[in-house]
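>>> Sequence and predicted structure below; questions after.
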Amino acid sequence: ICVKWAEDGFLCEMFDAVIMIPLRLVQKKKSLEDVMIEYVGEDSFEQLKKSGGARCLMILEGLDEMDFDRQKNDRFFFRLIKPDCTMLEKSTIAITSRPHSCERIKADRRVEVIGFGPDEIKEFVEKSFPDNEDAVSEFRHQLAERPHLHGLCYVPMNLVMIVNIFKFPT
């Protein structure tokens, strides 16, 4: 999302800023606030707070990787994600997580990303080798020979890696 926003103008009509914070870094720092200051700079962070986070998308990535027991004193984080938060009330906050950590957060909306089905795998492979039916056929043959590898293809990121390994074997 961040790259598409910066390079292609994705969501620019909605957001002037997109900030992604890997929450696994929060446990190594003092707080989410410290990490945000490190990412955007102290002046930008103060401006963000003054504006209430208007036209800002904050992506808090990897909630399940954050150590809640160590971070229970991180007032900034827990105030930020509370439904009645007024600190950055105008910002849009997207939190990514594996499902088991989601119960801790009250959210306006939840979205679950599910894996590829057989049709999506087929379409992705065909688009990965445009105008090269031989490569598509060979890729499918290689997967058929390795059922354990084929099983990994239902996870989109795994399929991306497997296709790239096939495309660039050295």
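All right, it came through fine. Numbers count the residues shown, from 1 in each chain.

>>> Show me what residue 58 is bridged to.
As for beta bridges, residue 58 partners with residue 19, residue 93 under DSSP bridges.

>>> For it, the count of nearby residues, please.
Residue 58: 23 surrounding residues under other C-beta atoms under 10 Å. Glycine gets a C-beta too; all of them are placed from N, C-alpha and C.

>>> Quick one: residues contacting it.
Residue 58 sits next to 19-21, 88, 91-94 when contact means C-beta atoms under 8 Å, 6 or more residues apart in numbering.

>>> Where does confidence bottom out across those residues?
The member of the contacts of residue 58 with the lowest pLDDT is residue 88, at 74.

>>> SS state for it?
Classification of residue 88 by DSSP: H, G, I helix; E, B strand; the rest coil places it in coil.

>>> from the middle of its chain, how far away would stretch 126-135 be?
28 Å (C-alpha atoms, centre = their mean, to the nearest Å).

>>> so how far is the first residue of that stretch from its last?
Stretch 126-135 has its terminal residues 9 Å apart, counting by C-alpha to C-alpha, to the nearest Å.

>>> before we move on, the earlier item: among the contacts of residue 58, which pair sits farthest apart?
20 and 88 (15.1 Å; C-beta to C-beta).

>>> who's more crowded, those two?
Between residue 20 and residue 88, counted using other C-beta under 10 Å, the more crowded position is residue 88 (20 against 16).

>>> tally of neighbours for the residue lying closest to the more buried one once chain neighbours are set aside?
In space, and not counting its chain neighbours, residue 88 is closest to residue 53: 3.3 Å by C-beta to C-beta, 6 or more residues apart in numbering. Other residues near residue 53 come to 21 when the count uses other C-beta under 10 Å.

>>> Low-confidence ranges, the protein, go.
For the chain, the stretches flagged by pLDDT under 70 are 27-31, 67-87, 102, 104.

>>> Perfect, that will be all.
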